[in-house]
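[1] predicted model and sequence follow; I will ask about them next.
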Amino acid sequence: MTDHVEPASHPAPDPSDAHGSVYDGLLGGDPSHWAFGTDFEDPLAGVDTTIPEGVDARDLATYCLMLADDALIASQRLSQWTSRAPDLEEDIALANIALDLLGQARLLLARAAAADPTLVPALPEGSPVPPEDALAFFRESGEFRNVRLVETDNGDFAVTIVKLLVLATARLALLERLASSSDHVLAAVAAKGVKELTYHRDYAGRWFLTLARGTEESRRRLEAALAVVWPLQAELFATHEVERRVAAAGVGVDPATTADDVAVVLAQVFAVSGVEQPTQAALAGVQGRQGRDGLHTEALSLLLAEMQVVARAHPMGRW
Amino acid sequence: MSTTTAVDRAALQDKAFAVARTVTDPEMPMLTLEDLGVLRAVEVDERGHVIVSITPTYTGCPAMATMRDDLVRSLQDAGLPGATVRVSLTPAWSSDWITERGRRSLAEHGLSAPGRAPARNGPVALSLMPTRREIACPRCGSAHTELTSEFGPTACKALYRCTSCLEPFEHVKEI
Ligand SMILES: [Zn+2]
């Protein structure tokens, strides 16, 4: 069982030492147990990726990018809390939420690439970078389709909680409907995502209530956060042309149809928390263009610079 | 190429399933993949090739590749080389799929097993109060426990504390 010899990257325990070492159980002669982080070559292996009838492949892929980019950029923002959260439990919670969103993003990016491979950035011949990574790491900010809500800075903990509450509430309402998509991948990602987002929304809602009913300072910060975040929420419900078409084809969901349900949930949180419904006007687009069109704030460029730098430096890298 | 007969295929499938069901979860090694409910199917195609389907507990589950490697290696060690492992996304995993044996094994290893997953009927209700669960401390059996966090060291676990023996423990979440 322990006759396998593998060059060790750390001092191997001396087998003649009767006491052994804490590494014994870990080493065990099985190098594949060190392989956390390696991945399936194709995250959709075995999944039916036929394009449903009545939808344009480019539209389906673009729609997947919208859903994927919201999750990917929110995930990257939330992971910035790792080691910086107010306490260890929140650190772990935010990292878990980020991981769920990253998982959703990966499948959705893979779905986008399978639906329309021409959207995937070209990489050097022989690059082992899979299509979903090429989409995450090799697109420019103008090619990202996320709403601006997810790209803006984390701010303080209150801002992060309000952003998460709005995102999780809207995404949950959307995925509940998307679970009946005629696209098998979207339906599956949505059905699973609903379960995950239920925890995310409860987490954000409970913290919203805690901050609102906490101290004078937490209340002040929460109200300030709401004023900062509110102008960004309307974009989640503004129907893009692509969303309108995929919804008509039974593949996607028109986000405008979720607005009322989302408003009801948020009103419930505000009421229990004793917070006034915010009234700030929506952040304007530029000549009608918003995040879904690739129009973003400077915050996204900075975020992408950090997220993409290593992958871009090593397009032939294996991880 | 000779094709595998139906009898051979059935025998191969039995053998492959017998191996696959012994492979354990990399993050909760007291559970087999079968007991965790992530092992969905073991099939043999007409060329005698083994295809195993597994499903992620959570979408971002980072242990999927390790599960795949462990399955392929165990099958190879049993004389079934080159197995293919596929991802099955539908239906989505539920903690209700953890077997009775799996639940006992969790408890024996100090982890609290999940209750029934919430039944879905219409829109998901918001819950602003901590989730109420009937949980006994896996160490001392006390029913006096408190939730520390809905999120734990792996995606599928919440953190609890026993207010009788004061020990922290992990609870596998209902999903
Ligand atoms: Zn106890």
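    Alright, I've got the coordinates.
[2] got the phi/psi numbers for the residue in the stretch 51-200 of chain A that chain B sits nearest to?
    Nearest to chain B in the stretch 51-200 of chain A, going by CB to the nearest CB, is A:G103, at a distance of 2.6 Å. For glycine as for every other residue, the C-beta is placed from the backbone atoms N, C-alpha and C. The phi/psi pair for A:G103 (degrees, to the nearest 10) reads phi -60, psi -40.
[3] ok, how many other residues are close to it?
    Using other CB atoms under 10 Å in any protein chain shown, A:G103 has 25 neighbouring residues.
[4] check contacts around it.
    For A:G103, the contacting residues are B:P56, B:Y58, B:T59, B:G60, B:C61, by CB atoms under 8 Å, 6 or more residues apart in numbering or on different chains.
[5] do that again at 10 Å, thanks
    With CB atoms under 10 Å, 6 or more residues apart in numbering or on different chains as the criterion, the residues that contact A:G103 are A:43, A:71, A:75, A:189, A:192-193, A:196, B:56, B:58-62, B:64, B:155.
[6] may I ask which of those residues has the most neighbours?
    Busiest of the contacts of A:G103 [other CB under 10 Å] is A:V189, holding 32 neighbours.
[7] next, give phi and psi for that residue.
    Per degrees, to the nearest 10, the backbone of A:V189 is at phi -60, psi -40.
[8] quick one: low-confidence parts of the stretch 1-150 of chain A?
    Scanning the stretch 1-150 of chain A for pLDDT under 70 picks out the ranges A:1-41.
[9] so which of the contacts of A:G103 would count as near the ion as well?
    Residues shared between these and the neighbourhood of the ion: none [CB under 5 Å from the ion].
[10] from the residues you listed, which land in helices?
    Among those, DSSP state H puts A:A71, A:S75, A:V189, A:K192, A:G193, A:E196, B:M64 in helices.
[11] burial count for A:V275?
    By other CB under 10 Å, neighbour count at A:V275 equals 18.
[12] same question for A:I97.
    Neighbour count for A:I97, taken as other CB under 10 Å: 27.
[13] for A:S127, see how far away the closest residue to it other than its chain neighbours is.
    Once flanking residues are discounted, A:I97 sits nearest to A:H200: 5.1 Å by CB to CB, 6 or more residues apart in numbering or on different chains. Using CB to CB, to the nearest Å, A:H200 is found at 34 Å from A:S127.
[14] looking at these two, which has the bigger crowd around it?
    The neighbour count for A:H200 versus A:S127, taken as other CB under 10 Å, is higher for A:H200 (27 against 16).
[15] skip ahead from the helix or strand containing that one and say which helix or strand is next.
    Using DSSP states H and E, A:H200 sits in helix A:184-212. For helix A:184-212, the following helix or strand on the C-terminal side (DSSP H and E) is helix A:216-229.
[16] assign a three-state SS to B:F169, would you?
    Assigned by DSSP: H, G, I helix; E, B strand; the rest coil, the conformation of B:F169 is strand.
[17] and the gap between it and chain A?
    14 Å (CB to the nearest CB, to the nearest Å).
[18] hang on, A:Q290 packs against A:P255?
    No. At 11.9 Å, A:Q290 does not count as touching A:P255 under the criterion of CB atoms under 10 Å.
[19] mutual contacts of the two, please.
    A:V147, A:E235, A:A238, A:H240.
[20] look at A:Q290 and A:P255 and report which has more neighbours.
    Using other CB under 10 Å as the criterion, A:Q290 and A:P255 rank with A:P255 on top: 25 against 20.
[21] do I have it right that that one meets A:V242?
    No. In this structure A:P255 lies outside contact range of A:V242 using CB under 10 Å: 11.3 Å.
[22] between these two, which contacts overlap?
    The contact sets of A:P255 and A:V242 overlap at A:M66, A:R292 (CB under 10 Å, 6+ apart).
[23] where do the helices sit along chain A?
    According to DSSP H, the helices that chain A contains are A:24-27, A:57-79, A:88-115, A:131-137, A:148-151, A:157-178, A:184-212, A:216-229, A:241-248, A:259-273, A:298-313.
[24] adding distance to B:S149, write these out as TSV.
    Formatted as TSV, those follow (distance: least, CB to CB, whole Å):
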stretch	distance to B:S149
helix A:24-27	27
helix A:57-79	15
helix A:88-115	4
helix A:131-137	29
helix A:148-151	23
helix A:157-178	15
helix A:184-212	9
helix A:216-229	19
helix A:241-248	35
helix A:259-273	20
helix A:298-313	27
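[25] which stretches in chain B count as strands?
    For chain B, the strands defined by DSSP state E cover B:39-44, B:50-54, B:84-87, B:111-112, B:145-149, B:157-162, B:168-172.
[26] tell me, how many residues neighbour the closest residue to A:E176 other than its chain neighbours?
    Spatial nearest neighbour of A:E176, chain neighbours left out: A:V194 (5.6 Å); criterion: CB to CB, 6+ apart. Residues near A:V194, counting by other CB under 10 Å, number 22.
[27] hang on, A:V194 packs against B:V124?
    Yes. In this structure, A:V194 is within contact of B:V124 by CB under 10 Å, at 6.6 Å.
[28] who touches both of these two?
    Residues touching both A:V194 and B:V124 by CB under 10 Å, 6+ apart: A:L172, A:A173, A:L175, A:E176.
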